[in-house]
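1. Pasting a predicted model and its sequence here:
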Amino acid sequence: MSELQPHIRIDNVTKSFGSYSAIRNVCLDIPRGSFTTLLGPSGCGKTTLMRLIAGFDEPDSGSILIDGAEMNGIPAFRRKTPLVFQEYALFPHMTVYENIAYGLKLQKVPRDEIRRKVGEMLEMFGLEGLGDRQPKQLSGGQQQRVAFARALVTGQDILLMDEPLSNLDAKMRVEVRNELRELQQRAGITAVFVTHDQDEALSLSDRIAVFDKGRICQAGTPWEVYFKPDNAFVADFVGTANFIPGEVAAVEGGELVVRCEGAHHRVDGGGRSFSQGDQVTLVVRPECISISMEAGPEGSAGKGWSGEIMSSSFLGRMVRYRVRCGSMTYDVDDASPSVRGVLQGSVRLQMDSSKIHVLLGSGEL
């Protein structure tokens, strides 16, 4: 098999349930050994695609290929694509050891080999000494680790996960997702992860496919999806963004001069074609705007512009401000609240032009 061939290929797949179109003409390549996240709001089609990969449902049209072999019509138990659910689905009458060993017993693996492999899983997931306990005697995080161990003990090189961390509290969720990412990299498995949590997707993934209304809006690295969104939906759903309407005043090589409320911003066109007079939207993340107490003449070139703080939210590691400037209100993140405290009153904002992304059109969601 070619090293360039994706481990999983979704080729123009469509799936409907009655009159409801769940996914439409979806194409996606998932590289071998990658951690790929299917991200989107509820009802967008991401879980439907996961179930199609696992073999629980069949596509109406299109193909799903694993290692270049078409999976259409192949039952789930023959695909070697274990799926871990949000509900841990552990057998309550079995011990931790018996839950993990279940798949090996079905395969009639010798008892000594089962003992060895289960022992490896217990060690890998930090479950040593818990083999004799029943699921109800474990914490939520421990139960989730048992579910992962049971899915991987039979030696599969693909792991599908449908919002597996949703039942954990915030701190445990971060801990388990860090462990999961470390395990995936160490084992070299191909992981496909479904979530609606943007922080999970950004922190875990090599690649993210953003879904909306049954289609993939954008697929790329976390950096690309966050800082170079293809459209306003992706920019708004993945993180927080300020949308600033403007007009292209001039095109100078690969750079654009964009007029916004009387101010001019020089920004990178991103290699795309723009013309003078085009209506555009500037996408600026809150952390890409610096904030300071009012100083210097308003409107000075390179000095930013004046605004008034409307509200502030202390989030521990940062303060998020809502700042009114003319007819616009901006979200601005200050990552150094411990240095100068929470600001109030009149302030000055300045954008980093290298971190401004341009969308053609009004940017309406």
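-> The structure has been received and is ready for your questions. Numbers count the residues shown, from 1 in each chain.

2. ok, residue 202 - contacts?
-> Residue 202 sits next to 208, 222, 226, 238-239 when contact means Cβ atoms under 8 Å, 6 or more residues apart in numbering. Where C-beta positions appear, they are placed from N, C-alpha and C, glycine not excepted.

3. Compare those and tell me which is most surrounded.
-> Highest neighbour count within the contacts of residue 202: residue 208, with 28 neighbours (other Cβ atoms under 10 Å).

4. counting contacts, what elements does whichever strand or helix holds it pack onto?
-> Using DSSP states H and E, residue 208 falls within strand 207-212. With contacts defined as 3 or more Cβ pairs under 8 Å, 6 or more residues apart in numbering; DSSP states H and E, the packing partners of strand 207-212 are strand 35-39, strand 215-220, helix 222-227, helix 232-237.

5. what's the distance between it and the middle of its chain?
-> The chain centre lies 7 Å from the centre of strand 207-212; the measure is Cα atoms, centre = their mean, to the nearest Å.

6. mind listing the helices for the stretch 151-300 of the chain?
-> 170-187, 198-204, 222-227, 232-237 (DSSP state H, counting those that start in this stretch).

7. and these as a markdown table, adding mean pLDDT?
-> A markdown table is the format used below for these (pLDDT from 0 to 100):
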| stretch | mean pLDDT |
| --- | --- |
| helix 170-187 | 86 |
| helix 198-204 | 93 |
| helix 222-227 | 95 |
| helix 232-237 | 95 |
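
8. Which of the ones you listed has the highest mean neighbour count?
-> helix 232-237 (a mean of 21; mean count of other Cβ atoms under 10 Å).

9. Could you tell me the angle between the strand holding residue 208 and strand 35-39?
-> Going by axes from the mean of the first three to the mean of the last three Cα atoms, to 10 degrees, strand 207-212 is angled at 10 degrees with respect to strand 35-39.

10. can you give me phi and psi for the residue nearest to residue 270 when sequence neighbours are not counted?
-> Leaving aside its chain neighbours, residue 270 sits nearest to residue 358 (6.5 Å; criterion: Cβ to Cβ, 6 or more residues apart in numbering). Dihedral pair for residue 358: phi -110, psi 130, per degrees, to the nearest 10.

11. Could I get the contacting residues of residue 358?
-> Taking Cβ under 8 Å, 6+ apart, we find residue 358 in contact with 256, 258, 267-270, 272, 274, 280-283.

12. separation between the nearest residue to residue 168 once chain neighbours are set aside and residue 314?
-> Using Cβ to Cβ, 6+ apart and skipping the chain neighbours, the partner closest in space to residue 168 is residue 140 (5.3 Å). The gap separating residue 140 from residue 314 is 29 Å, by Cβ to Cβ, to the nearest Å.

13. And for residue 29?
-> 43 Å.

14. Of these two, give the one with the bigger neighbour count.
-> Using other Cβ under 10 Å as the criterion, residue 29 and residue 314 rank with residue 29 on top: 18 against 11.

15. Now the more buried one: which helix or strand?
-> strand 20-30.

16. Buried residues in that strand, which are they?
-> With burial defined by 16 or more other Cβ atoms under 10 Å, the residues of strand 20-30 counted as buried are 22-24, 26, 28-30.

17. Could you tell me which strands it is paired with, and in which direction each runs?
-> strand 8-17 (antiparallel) (DSSP bridges).

18. what's the average pLDDT for the partner strand?
-> Confidence for strand 8-17, expressed as mean pLDDT, is 97.

19. Kindly report the same for stretch 109-125.
-> On average, the pLDDT along stretch 109-125 is 93.

20. Would you mind putting the CA coordinates of it into PDB?
-> What follows is stretch 109-125 as a C-alpha-only set of coordinates in PDB (Å, rounded to 0.1, in the frame of the first residue of the first chain):
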ATOM      1  CA  VAL A 109      -7.100 -16.300  22.500                       C
ATOM      2  CA  PRO A 110      -5.200 -18.600  24.900                       C
ATOM      3  CA  ARG A 111      -5.600 -17.700  28.500                       C
ATOM      4  CA  ASP A 112      -2.000 -16.800  29.200                       C
ATOM      5  CA  GLU A 113      -2.000 -14.500  26.200                       C
ATOM      6  CA  ILE A 114      -5.200 -12.900  27.500                       C
ATOM      7  CA  ARG A 115      -3.600 -12.300  30.900                       C
ATOM      8  CA  ARG A 116      -0.600 -10.700  29.300                       C
ATOM      9  CA  LYS A 117      -2.500  -8.400  27.000                       C
ATOM     10  CA  VAL A 118      -5.000  -7.300  29.600                       C
ATOM     11  CA  GLY A 119      -2.100  -6.700  32.000                       C
ATOM     12  CA  GLU A 120      -0.500  -4.400  29.300                       C
ATOM     13  CA  MET A 121      -3.800  -2.500  28.900                       C
ATOM     14  CA  LEU A 122      -4.200  -2.100  32.700                       C
ATOM     15  CA  GLU A 123      -0.700  -0.600  32.900                       C
ATOM     16  CA  MET A 124      -1.100   1.500  29.800                       C
ATOM     17  CA  PHE A 125      -4.200   3.200  31.100                       C
END
